[in-house]
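A.B. asks: Need a 3D model of the following:
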Amino acid sequence: MGKWALCLCALGQWLLSATAGEMNQDVSYQLAPGLAAPFGDNGVLQQKVKVPVWGSSLPGATVIVTFSGQTKSTHADEKGGWRIELDPMDAPRLKSVNDSPVGETMKIVCEFDGQRAVKELTNLLVGDVWICAGQSNMAGRVGNKRMLHWPTDTLDLASYPALRRLAQDGDPWTVCSPTTAPDFGKVAFFFARRLQQDALVPIGLIRKAVGGSSIESWLNKAPYEVGGNYTRLMQPIVGYGIKGAIWYQGESNAKDGRGYQPKLEALITGWREAWGMGDFPFYYVQLPGIGQSLMEDPAMGDGRAEIRQACVEALALPNTGLVVTIDVGATGEHPPNKVDTGDRLARAVLRNVYGFKAVGVSPLYKTHRVEGRVIRVSFSDAEGGLMLAQKQGPLDLQPPTPTPDATLGWLSMQDEDGTWHWASGAIDGAELIVSSDAVAKPQAVRYAYTIHPTGPLLYSKEGLPVGPFSTIGYGPYIGE
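C.D. replies: Model prediction:
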C-alpha cells in the first residue's frame, strides 16, 4: 500500500472514530432526562390532584419516575417527549409558618438500548401552587425598605422553609428566608404569608409578570391572537399542577373601560382550558386610586371607574374573586402599600377557596331600592355592619382608623331628569341610606366612582373597603 493510501486509510479510520464518538456523546446527552421549566430542586407539587411530570429523552426511551412511594413509567414519543402523571398526594400540615417539613427526592430514570441516565430533584414538597401574574405591580419585589413592610421586621422574621417561589427568568425554585425574601414578588409574598399562616400548608409561587404589559399579551383564546407573554412565559408551564392564580393588571388597559371585561373573561377561560383542571380559582386586584379626583362633576365616571366596574362584572365567571384596593392608591402608578393588597387577596382566597368563613372580604354592591326621596343600598359580605374609616396616606400599612363622626364623600345621586348631585349617606347596620336635598325623585347612586377617591371611605366592620359602584352601570347617564 502506498504512502497516500495509508494516509487516506488512517484519515478514514479517524473520521469513523470521531463520528462514533460524537454519536455516543449525542446519545448520552439526549438520553439524560430533560425536564420542563417548572421542575427543579426545592419545588412545590400540587396536592390532591394528579401531578403531571414531563420532559424529554431519546425517542422510544423508557422513562421511570419515582416519588413519594410511587413508581410510574412510560416511553418517550417519536420526538423524545414524555409525560407521566403521579397519583394525588396530600400535603403535610405545618405546625407553623416556620415549620421545616422534610423534603422528598424525585428520581427520573431514562433507559435506551442498554444505556441508563438518571436525574434527581431534591427537597420537593407537596402543597398548594399559585400562579402570580400581571404587570409591574405584580412584578415588583419585596426589597429591603423596612418602612414599606408591615411589621417593619418582616424580613427578619421571613424564615419560611415551606414557602418557595419560581421566578420567570430561568432561576431555580428558591426557599424563603430573610436573605431571599427581598427577591420575592411583593404582592405574592404578602399574599402567601397570610395564606400560609392560616392554611398551614406548603406554598409555591410561580411569578409571571411583566411591567407595562397589556392583557392582550397574556391571552390565548379566540377571537384574540395568542399574546407574546403567554407564549414566552405561560406556555412552558401550562399543565403544571396548580391550586389557582392571582392577577394584578389593568393599568395598561385602563382606557378600555367596559371593554376590559371580555378580555379578562377570555384570559380566565383561556387559561383554564389550557390547564385542563376545570374552573380553578382565579382572583384579581381591582385597580387602586391614582392621580387626583376632582369634585367638579358629581356624575364621576372618570379615570379608572369603568375598568373597576368591568372587573366586578367579570365575577359572573365561576370561582372568581376580586379584592378592592381603592383606599391604598397613590398619585403614581406604583402604590407602595402592597401589604394590604396581598393580605386582602389571601383573605378572599382563605374564605372562598379554603373555607375560612370567619375571614372577611370586601363588601360589594348587591341591590338597591327607592324609598321616597332616599335610596337604600345593600351589599354582599357586610353582615357584620358598615363603618366610616380612613387610611392615613399611601404608607399607612395598618388597619383603617374608624371615623364615626366624619362625612362620607364621593357619593352622588341621580334625579329623574338624568342630572347627578352630591349626596349624603347614613349607615344603617349593613346598609347605606343615600339622600340629597337637590333630588326629589332619585333614580340611581354612585359611590367612589372616580379615579382616586380619598378621605374617609366606607368599610366593613372587619376593616375592608366597600367596592366602588354605580347602580346605573357604566359611564355617564345618556337617557333612554
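A.B. asks: can we go C-alpha only for contacts and neighbour counts from here?
C.D. replies: Will do.
A.B. asks: Could you pull up the residues touching Lys357?
C.D. replies: Arg351 (Cα atoms under 8 Å, 6 or more residues apart in numbering).
A.B. asks: likewise Glu85?
C.D. replies: Lys50, Val51, Pro52, Val53, Lys72.
A.B. asks: Can you report phi and psi for the first one?
C.D. replies: Note on Lys50: its backbone torsions stand at phi -60, psi 130 [degrees, to the nearest 10].
A.B. asks: For Gly60, which non-adjacent residue is spatially closest?
C.D. replies: Spatial nearest neighbour of Gly60, excluding adjacent residues (Cα to Cα, 6 or more residues apart in numbering): Ala76 at 4.9 Å.
A.B. asks: ok, now which ones touch that neighbour?
C.D. replies: Ser56, Ser57, Leu58, Pro59, Gly60, Ala61, Thr62, Val63, Trp82, Arg83.
A.B. asks: same thing with Ser56?
C.D. replies: By Cα under 8 Å, 6+ apart, the residues touching Ser56 are Gln30, Pro33, Gly34, Leu35, Ala76, Gly80, Gly81, Trp82.
A.B. asks: 10 Å instead?
C.D. replies: 30-36, 63, 76-77, 79-83, 110 (Cα atoms under 10 Å, 6 or more residues apart in numbering).
A.B. asks: Closest one of these to Ser412?
C.D. replies: Ala36 (54.0 Å; Cα to Cα).
A.B. asks: Can I get the buried part of the contacts of Ser56 as one PyMOL selection?
C.D. replies: Applying 16 or more other Cα atoms under 10 Å to those leaves a buried subset, and the PyMOL line that selects it is:
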select buried, resi 30+31+32+33+34+35+63+76+77+80+81+82+83+110
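A.B. asks: Mind checking which of the contacts of Ser56 land in helices?
C.D. replies: Judged by DSSP state H, helices contain the following of the contacts of Ser56: Gln30, Leu31.
A.B. asks: now, which of the contacts of Ser56 sits nearest Gly127?
C.D. replies: Nearest member of the contacts of Ser56 to Gly127, counting by Cα to Cα, is Ala36, at 19.3 Å.
A.B. asks: List the residues that contact that closest one.
C.D. replies: Ala36 neighbours (Cα under 10 Å, 6+ apart): Val53, Trp54, Gly55, Ser56, Pro236, Ile237, Tyr240.
A.B. asks: So among the contacts of Glu85, which ones count as buried?
C.D. replies: Lys50, Val51, Val53.
A.B. asks: Wait, the last one touches Gly40, no?
C.D. replies: No - with contact defined as Cα atoms under 10 Å, Val53 does not count as touching Gly40 (11.2 Å).
A.B. asks: Which parts of the protein belong to which domain?
C.D. replies: As assigned by automatic domain parsing, the chain contains the domains 34-123, 126-352, 365-470.
A.B. asks: Count the neighbours of Pro151 for me.
C.D. replies: Here the count is done by other Cα atoms under 10 Å, and Pro151 has 14 residues near it.
A.B. asks: That one: what secondary structure?
C.D. replies: Counting by DSSP: H, G, I helix; E, B strand; the rest coil, the backbone at Pro151 sits in coil.
A.B. asks: CSV for the domains of the chain, including mean pLDDT and distance to Val359?
C.D. replies: Shown next, in CSV, are the domains of the chain (pLDDT from 0 to 100; distance: least, Cα to Cα, whole Å):
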stretch, mean pLDDT, distance to Val359
domain 34-123, 97, 18
domain 126-352, 96, 6
domain 365-470, 95, 9
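A.B. asks: Just the contacts of Glu85: which are in helices?
C.D. replies: If you go by DSSP H, those have nothing in helices.
A.B. asks: got CSV for the residues you listed, with distance to Asp381 too?
C.D. replies: Listed next are those as CSV, based on distance: Cα to Cα, whole Å:
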residue, distance to Asp381
Lys50, 34
Val51, 35
Pro52, 37
Val53, 40
Lys72, 46
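A.B. asks: Kindly indicate which of these lies nearest Lys366.
C.D. replies: Lys50 (38.0 Å).
A.B. asks: Enumerate every residue touching that closest one.
C.D. replies: Here Lys50 is in contact with Ile84, Glu85, Leu86, Asp87, Pro88, Met89, Gly241, Met277 (Cα under 10 Å, 6+ apart).
A.B. asks: Could you report the distance from the residue lying closest to the first one once chain neighbours are set aside to Asn42?
C.D. replies: Pointing back at Ile84 there. In space, Ile84 comes closest to Val53 once its chain neighbours are excluded; the distance is 5.2 Å by Cα to Cα, 6+ apart. Distance, Val53 to Asn42, by Cα to Cα, to the nearest Å: 15 Å.
A.B. asks: what's the longest strand in this structure?
C.D. replies: Longest strand of the chain, by residue count under DSSP state E: strand 115-134.
A.B. asks: Convert that strand to CSV, retaining C-alpha atoms only.
C.D. replies: Listed in CSV are the C-alpha atoms of strand 115-134, where the atom choice follows Å, rounded to 0.1, in the frame of the first residue of the first chain:
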residue,chain,number,x,y,z
GLN,A,115,-27.8,2.7,28.4
ARG,A,116,-29.2,4.4,31.5
ALA,A,117,-29.3,8.1,32.6
VAL,A,118,-30.6,9.3,36.0
LYS,A,119,-31.7,12.7,37.3
GLU,A,120,-32.8,13.6,40.8
LEU,A,121,-34.8,16.5,42.1
THR,A,122,-34.3,17.1,45.8
ASN,A,123,-36.1,18.8,48.7
LEU,A,124,-39.5,18.7,47.0
LEU,A,125,-42.7,19.5,48.9
VAL,A,126,-46.3,18.7,48.3
GLY,A,127,-48.6,21.8,48.9
ASP,A,128,-50.5,24.4,47.0
VAL,A,129,-49.1,26.2,44.0
TRP,A,130,-50.3,29.7,42.9
ILE,A,131,-49.5,31.5,39.7
CYS,A,132,-48.9,35.2,40.3
ALA,A,133,-49.3,37.1,37.1
GLY,A,134,-49.8,40.6,35.7
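A.B. asks: mind listing what it pairs with, with the direction of each?
C.D. replies: With DSSP bridges as the test, strand 115-134 is paired with strand 44-46 (parallel), strand 104-112 (antiparallel), strand 203-209 (parallel), strand 244-248 (parallel).
A.B. asks: Buried deepest among those strands, which one?
C.D. replies: Of all those, strand 44-46 carries the top mean neighbour count, a mean of 28, counting by mean count of other Cα atoms under 10 Å.
A.B. asks: how far out from the middle of the chain is that strand?
C.D. replies: Mean-position distance between strand 44-46 and its chain equals 16 Å (Cα atoms, centre = their mean, to the nearest Å).
A.B. asks: re earlier: now do the next helix or strand after the longest strand of the chain: which elements does it pack against?
C.D. replies: Stepping forward along the backbone from strand 115-134, the first helix or strand reached (DSSP states H and E) is helix 136-139. Helices and strands touching helix 136-139, by 3 or more Cα pairs under 10 Å, 6 or more residues apart in numbering; DSSP states H and E, are strand 115-134, helix 186-199, strand 203-209, strand 244-248.
A.B. asks: Please repeat the previous calculation with a cut-off of 8 Å.
C.D. replies: Applying 3 or more Cα pairs under 8 Å, 6 or more residues apart in numbering; DSSP states H and E, one finds that helix 136-139 makes contact with helix 186-199, strand 203-209, strand 244-248.
A.B. asks: Quick check: which of those is nearest to Gly257?
C.D. replies: Using Cα to Cα, these put strand 244-248 closest to Gly257, at 16.0 Å.
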